[in-house]
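J.: coords please:
(one chain, ligands or ions: 1)
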Amino acid sequence: MFNKRIKNDNKVIVPFLSLKDVTKQHKKELYSAVCQVIDSGMYLQSKENLDFEMLYAKYIGSQYAIGCANGLDALSLIICAYMELGILKKGDEVIVPANTYIASMLAVTKNGLKAVLVEPNYDTCQIDDSRIENAITSKTKAIMIVHLYGRCAYTEKIRKICKKHNLHLIEDNAQACGCMYVNESVSKRTGSLGDAAGHSFYPGKNLGAFGDGGMVTTSDSTLAETVRVLANYGSSKKYIFKYQGINSRLDEIQAAILAVKLKYLDSENDLRRKWAKKYLENIKNPKIIFPKISDSVSNVYHIFPIFTENRDTLQEYLFNKGIQTIIHYPIAPYKQKCYTDWNRLSFPITEKLCKEELSLPMWPTISEESIDYVIKALNLW
Ligand SMILES: Cc1ncc(COP(=O)(O)O)c(C=O)c1O
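T.: Numbering: from 1, shown residues only. Below you'll find the model as predicted:
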């Protein structure tokens, strides 16, 4: 059965993502979790948050998890906490991949730090670790890696660079919840690989809430405490304000929903990998390029990207066949109007990815017929 069939001029046969379909499977449990919060009369900063923070820290493999309002706040709170602790200061440089979503950069620049952009590797779409050292100056204090598209960006080389240059490693794990980094001696989840990580529970993410939500994970107790205080107006004690903080909370209802959904995250990521395998094995059109395949657990396929020189034509062709696709991302952050000072910068690999990338329909409970329909359409193009 197709997931959705609308017969009219704008027919959608395979949507890009059906959250309704994802939610449907756990409807009873989710209804019950939400009702429990409603009945409890406790809607903020209570049991659901504490329980979910503990569950999430354990799942990620970090000592602390601090709930907040969204993924951008999570990243921003980490930077802000490092600033309050005197580890970062205005004007310091943070290395960020040039092809990331704008939130990673905003977290740096809105706090008065400079984002120094580094090209990705075309084959993996992740920050090119061979280019990082060239971007390091005396002002560089941190590297923010972004596990883009659901794929692990961490490498042993990045760890060594951080150690050699005494840099903090921040992970943007917004797109890679549940992803693993595995080598001969280590098997760890993304979000536990650096000094701190920001996570997003935006509804479309692999672990998505029914609204906004975010989390900071870290095993640094001082950082964790500072993030917690900053996210609560800067208040360490009721009506005592240590910092000029913000109000960034995870609602109790969202925490309860996320605790239910976390139980199914690994099996849902397995399903994403199953569909990715099917795409990879059956799309045979030579005009379509895939990123180089990674170790299976090192990719949770938040999205399934393909690349082609005639991307816009392909998108229109698929649209006419009722297949929805999205571009991640059509314009790089440094080419956006909000960063006019950077518009003259040029990162050819990033710009090539912006021109060629197209994301295919992908969610855990997409039907086999829908995947087959997409494959057939791509092979006929
Ligand atoms: C790579 C990346 N970082 C950060 C964020 C920010 O997350 P949120 O939308 O929850 O603020 C996103 C969200 O799309 C993202 O994709």
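J.: what does the stretch 101-250 of the chain put close to the ligand?
T.: Residues of the stretch 101-250 of the chain lying close to the ligand by CB under 6 Å from any ligand atom are 101, 103-104, 146, 172, 174-175, 200, 202, 212, 214. C-beta coordinates here come from the backbone N, C-alpha and C atoms, glycine included.
J.: closest to Ser40 out of these?
T.: Checking those against Ser40 with CB to CB, the nearest one is Asp212 at 21.1 Å.
J.: gap between the nearest residue to that closest one once chain neighbours are set aside and the ligand?
T.: Closest residue in space to Asp212, ignoring its immediate chain neighbours: Asn70 at 4.4 Å, by CB to CB, 6 or more residues apart in numbering. For Asn70, the distance to the ligand (CB to the nearest ligand atom, to the nearest Å) stands at 4 Å.
J.: how many neighbours does whatever residue of the stretch 201-350 of the chain ends up closest to the ligand have?
T.: Relative to the ligand, the nearest point of the stretch 201-350 of the chain is Tyr202 (4.1 Å; CB to the nearest ligand atom). Counted with other CB atoms under 10 Å, residues neighbouring Tyr202 total 18.
J.: pull the helix or strand with minimum mean pLDDT from this structure.
T.: Least confident helix or strand, the chain: strand 235-237 with a mean of 94, by mean pLDDT, DSSP states H and E.
J.: the residue nearest to Tyr339 when sequence neighbours are not counted: how many residues sit nearby?
T.: Excluding the flanking residues, the one nearest Tyr339 by CB to CB, 6+ apart is Pro333, at 6.3 Å. Using other CB under 10 Å, Pro333 is surrounded by 24 other residues.
J.: likewise Val186?
T.: Val186 - counted by other CB under 10 Å - has 12 other residues nearby.
J.: who wins on neighbours among the residues of the stretch 101-250 of the chain next to the ligand?
T.: Going by other CB under 10 Å, Asp172 tops these with 31 neighbours.
J.: picking that back up, buried ones in the least confident helix or strand of the chain?
T.: Ser235 (16 or more other CB atoms under 10 Å).
J.: mind telling me what element the residue of the stretch 201-350 of the chain closest to the ligand is part of?
T.: For Tyr202, there is no host helix or strand (DSSP states H and E).
J.: okay, it: pLDDT?
T.: On the pLDDT scale, Tyr202 is placed at 98.
J.: now do the contacts for it.
T.: Counting by CB atoms under 8 Å, 6 or more residues apart in numbering, Tyr202 makes contact with 70-71, 174, 208-209, 212-213.
J.: just put the residues of the stretch 101-250 of the chain next to the ligand in CSV and tack on distance to Asn320 and secondary structure.
T.: Output for those, formatted as CSV (distance: CB to CB, whole Å; DSSP: H, G, I helix; E, B strand; the rest coil):
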residue, distance to Asn320, secondary structure
Tyr101, 28, coil
Ala103, 32, helix
Ser104, 34, helix
Val146, 33, strand
Asp172, 35, strand
Ala174, 32, coil
Gln175, 29, coil
Ser200, 33, strand
Tyr202, 29, coil
Asp212, 34, coil
Gly214, 37, strand
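J.: quick check, nearest of those residues to Glu268?
T.: Using CB to CB, Gln175 comes nearest to Glu268 of these, at 14.5 Å.
J.: chain center to stretch 295-306, what's the gap?
T.: With CA atoms, centre = their mean, to the nearest Å as the basis, stretch 295-306 stands 12 Å off its chain's centre.
J.: ugh, wrong one, I meant stretch 211-218
T.: How far stretch 211-218 lies from its chain's middle: 11 Å, per CA atoms, centre = their mean.
J.: list the buried residues in that stretch.
T.: 212-218.
J.: helices or strands next to the helix or strand hosting Gly67 in the packing?
T.: Using DSSP H and E, Gly67 sits within strand 64-68. Contacts defined by 3 or more CB pairs under 8 Å, 6 or more residues apart in numbering; DSSP states H and E place strand 64-68 against helix 47-60, helix 71-84, strand 214-218, helix 221-231.
J.: so the second one versus strand 64-68, what angle?
T.: What it means is helix 71-84. Put simply, helix 71-84 runs at 120 degrees to strand 64-68, going by axes from the mean of the first three to the mean of the last three CA atoms, to 10 degrees.
J.: what of the last one?
T.: Here helix 221-231 runs at 10 degrees with respect to strand 64-68, directions being taken by the same axes, to 10 degrees.
J.: now swap in the third one and tell me
T.: Between strand 214-218 and strand 64-68, the angle comes out at 160 degrees (the same axes, to 10 degrees).
J.: partners of strand 214-218 in the sheet?
T.: Applying DSSP bridges to the sheet, strand 214-218 is found paired with strand 64-68 (antiparallel), strand 196-200 (antiparallel).
J.: I'd like those strands laid out as JSON lines, including distance to Thr222.
T.: Converted to JSON lines, the strands paired with strand 214-218 look like this (distance: least, CB to CB, whole Å):
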{"stretch": "strand 64-68", "distance to Thr222": "10"}
{"stretch": "strand 196-200", "distance to Thr222": "11"}
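J.: determine which stretch of those is the most buried.
T.: Each of these was assessed for mean neighbour count using mean count of other CB atoms under 10 Å. The highest is strand 196-200, with a mean of 29.
J.: so which residues make contact with that strand?
T.: Against strand 196-200 from outside (CB under 8 Å, 6+ apart): 56, 60, 62, 70-72, 74-75, 77-78, 103, 107, 168, 170-175, 177, 190-191, 207, 213-218, 220, 223, 227.
J.: what do you get if the cut-off is 7 Å, keeping everything else the same?
T.: 70-71, 74-75, 78, 170-174, 177, 191, 214-218, 220, 223 (CB atoms under 7 Å, 6 or more residues apart in numbering).
J.: equivalent analysis for stretch 153-164, please.
T.: Here stretch 153-164 makes contact (CB under 7 Å, 6+ apart) with 126-127, 129, 132-133, 143, 145-147, 169, 181, 183, 190, 193.
J.: list the buried residues in the longest helix along the chain.
T.: When the chain is parsed with DSSP state H, its longest helix is helix 265-282. The neighbour-count check on helix 265-282 (16+ other CB under 10 Å) flags 265, 268-269, 271-273, 275-276, 279 as buried.
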